[in-house]
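> Fold the following and give me the result.
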Amino acid sequence: MENNRKIILEDGSEYYGRSFGSPKDAVCEIVFNTSMVGYQEILSDPSYTYQAVVMTYPLIGNYGMADDDYERDRPTIGALIVREYNDEPSNFRSRETLGSVMERFGIPGICGVDTRKLTRSIRDFGTRKALITCADAPLEECLERLRSTSLPTDAVSFVSCREMWSSKAEDERFHVAAIDCGMKMNIVRSLNRRGCTVTVVPWDTSAAAIEALHPDGVFISNGPGDPTDVPQTIKTVKALIGKTPIFGICLGHQIISLAYGAKTYKQKFGHRGGNHPVRCLDTGKLEITSQNHSYVVDAESLKGTPLKVTHINILDNTVEGVCCERDRVFSVQYHPESAPGPEDSAYLFDRFIKMMEEDRKNA
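This is a model prediction of the structure:
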């Protein structure tokens, strides 16, 4: 049947299901997410650009798509793979089904897949390339397509804004310049609520152009891909260090670390979900965090830099936060703006506000 589809991994394993969303073929990096809610935010999060996301929670689509819950207007996720897809959502806020949105934006989906088996494969053997195609496609031809297709490395430039734009706070106290590497809109909303007017600039904006805005602080956003693919952003951040308070999240955290001379590496299958435990080393408190990343900062490489580790992941001891008090710089690997998700880490935005307040007093 035309509706029957399959996923082929590089090891030749095949997973069969049915199509929803766009019926087109796709070659993507396959990853999994353990969140129980938030498929709309995952679909529209630019950090998933070019990736096929396997949802471990079995029922997806049941509350539809709400106009106010998009992280970006145009989703750039590679594909969505689910166990059970619901095309008749029950939610008074819903304006459209998940499948219709995916069809409109050309995003392929497969339902009816054994997502537990597929997730175990990713967990045991790591993220790999995967081909989504029709169920009767010959295996050898599919494997050749996988071998001959390279995953793109332009994800940040693809999703970043093309021109500078602003989001004004109702009660403006500070002006923040935000470098858009694939920024989630809830970050802008989180800053606006705290009295920050945010000027969003493209990923390759120079330090001089950002300084010309006279911001009270600089924010470096989350985003997709390998942080070493954006040397222009790393150069910009390096030039801004010490001139104004700087706060980074996720990819922004990695970029800050690279700007200080540290290194990053790719994890076997990354962190993606809404319940990752992180310990704050200053307070000893445990935070439940939302995460979405493949790369982390190499803890050993931080030893030769002025950065101090502030947070660690309880599950694997990876670096989850760094700071340099001298330069008024700090960053975290996880998402304190998560929506939906835990709010244990929302205090980090308040910390950024306090840094700008102190900077203004000392000016």
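
> how far away is the one residue sitting closest to the centre of the chain from residue 33?
Central residue check for the chain by CA atoms, centre = their mean: the C-alpha nearest the mean position is that of residue 47, 3.3 Å away. Computed as CB to CB, to the nearest Å, the residue 47 to residue 33 distance reads 11 Å. (Each C-beta comes from the backbone N, C-alpha and C, glycine too.)

> swap in residue 173?
In this structure, residue 173 lies at 35 Å from residue 33, with CB to CB as the measure.

> higher neighbour count, the two?
In this view residue 173 and residue 33 are compared by other CB atoms under 10 Å, and residue 33 has more residues nearby, 25 against 14.

> So that one is in contact with residue 292, correct?
Yes - applying CB atoms under 8 Å, one finds residue 33 in contact with residue 292, separated by 7.4 Å.

> List the buried residues for the longest helix belonging to the chain?
With residue count as the measure and DSSP state H as the assignment, the chain has helix 347-361 as its longest helix. Buried residues in helix 347-361, counting neighbours by 16 or more other CB atoms under 10 Å, are found at 348, 349, 352, 353, 355, 356.

> burial of the closest residue to the fifth one other than its chain neighbours, as a residue count?
Think residue 355. Distance criterion CB to CB, 6 or more residues apart in numbering; nearest residue to residue 355, sequence neighbours excluded, is residue 245 at 4.0 Å. The number of residues packed around residue 245, counting by other CB under 10 Å, is 25.

> next one: residue 57
Here the count is done by other CB under 10 Å, and residue 57 has 17 residues near it.

> What score does it have for pLDDT?
Note for residue 57: predicted pLDDT of 97.

> With residue 1 instead?
pLDDT for residue 1: 37.

> can you start the count at 55 instead of 1 from here on
That works, and once the first residue is 55, the last one we named lands at residue 55.

> mind giving me the domain ranges of the chain?
In the assignment given by automatic domain parsing, the structural domains of the chain cover 58-206, 210-415.

> burial measure for residue 182, as a count.
Applying other CB under 10 Å, we find 15 other residues in the vicinity of residue 182.

> Apart from its chain neighbours, what residue comes closest to it?
Excluding the flanking residues, the one nearest residue 182 by CB to CB, 6+ apart is residue 64, at 4.8 Å.

> list the residues that contact both of residue 87 and residue 346?
Applying CB atoms under 8 Å, 6 or more residues apart in numbering, one finds that residue 87 and residue 346 are jointly contacted by 96, 326.

> tell me how far the ends of stretch 308-327 are from each other?
Using CA to CA, to the nearest Å, the span of stretch 308-327 from its first residue to its last is 19 Å.

> just checking, the residue nearest to the centre of the chain is part of a strand?
No - Residue 101 sits outside any strand when classified using DSSP: H, G, I helix; E, B strand; the rest coil, being helix.

> Can you pull out the low-pLDDT segments for the stretch 305-417 of the chain?
Scanning the stretch 305-417 of the chain for pLDDT under 70 picks out 393-396.

> Now do the strands in the stretch 105-254 of the chain.
Secondary structure of the stretch 105-254 of the chain, counting by DSSP state E, counting those that start in this stretch: strands at 105-109, 113-114, 119-120, 133-135, 138-139, 148-150, 162-165, 182-188, 219-221, 228-234, 250-256.

> Need those strands in JSON lines (columns: distance to residue 360).
Converted to JSON lines, the strands of the stretch 105-254 of the chain look like this (distance: least, CB to CB, whole Å):
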{"stretch": "strand 105-109", "distance to residue 360": "34"}
{"stretch": "strand 113-114", "distance to residue 360": "44"}
{"stretch": "strand 119-120", "distance to residue 360": "44"}
{"stretch": "strand 133-135", "distance to residue 360": "41"}
{"stretch": "strand 138-139", "distance to residue 360": "49"}
{"stretch": "strand 148-150", "distance to residue 360": "49"}
{"stretch": "strand 162-165", "distance to residue 360": "46"}
{"stretch": "strand 182-188", "distance to residue 360": "37"}
{"stretch": "strand 219-221", "distance to residue 360": "32"}
{"stretch": "strand 228-234", "distance to residue 360": "21"}
{"stretch": "strand 250-256", "distance to residue 360": "26"}
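
> from memory the residue nearest to residue 409 sits against residue 382, does it?
Yes - in this structure residue 299 lies within contact range of residue 382 using CB under 8 Å: 4.3 Å.

> Do a quick rundown of the strands in the stretch 255-404 of the chain.
Secondary structure of the stretch 255-404 of the chain (DSSP E, counting those that start in this stretch): strands located at 271-274, 300-303, 318-334, 340-351, 362-367, 373-378, 383-386.

> could you dump those to TSV with mean neighbour count and distance to residue 93?
Formatted as TSV, these follow (neighbours: other CB atoms under 10 Å; distance: least, CB to CB, whole Å):
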stretch	mean neighbour count	distance to residue 93
strand 271-274	26	26
strand 300-303	27	21
strand 318-334	18	12
strand 340-351	22	13
strand 362-367	19	24
strand 373-378	24	25
strand 383-386	26	24
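
> Take those strands and write them to a markdown table, including distance to residue 165.
Rendered in a markdown table, the data for the strands of the stretch 255-404 of the chain read as follows (distance: least, CB to CB, whole Å):
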| stretch | distance to residue 165 |
| --- | --- |
| strand 271-274 | 36 |
| strand 300-303 | 32 |
| strand 318-334 | 19 |
| strand 340-351 | 22 |
| strand 362-367 | 32 |
| strand 373-378 | 33 |
| strand 383-386 | 34 |
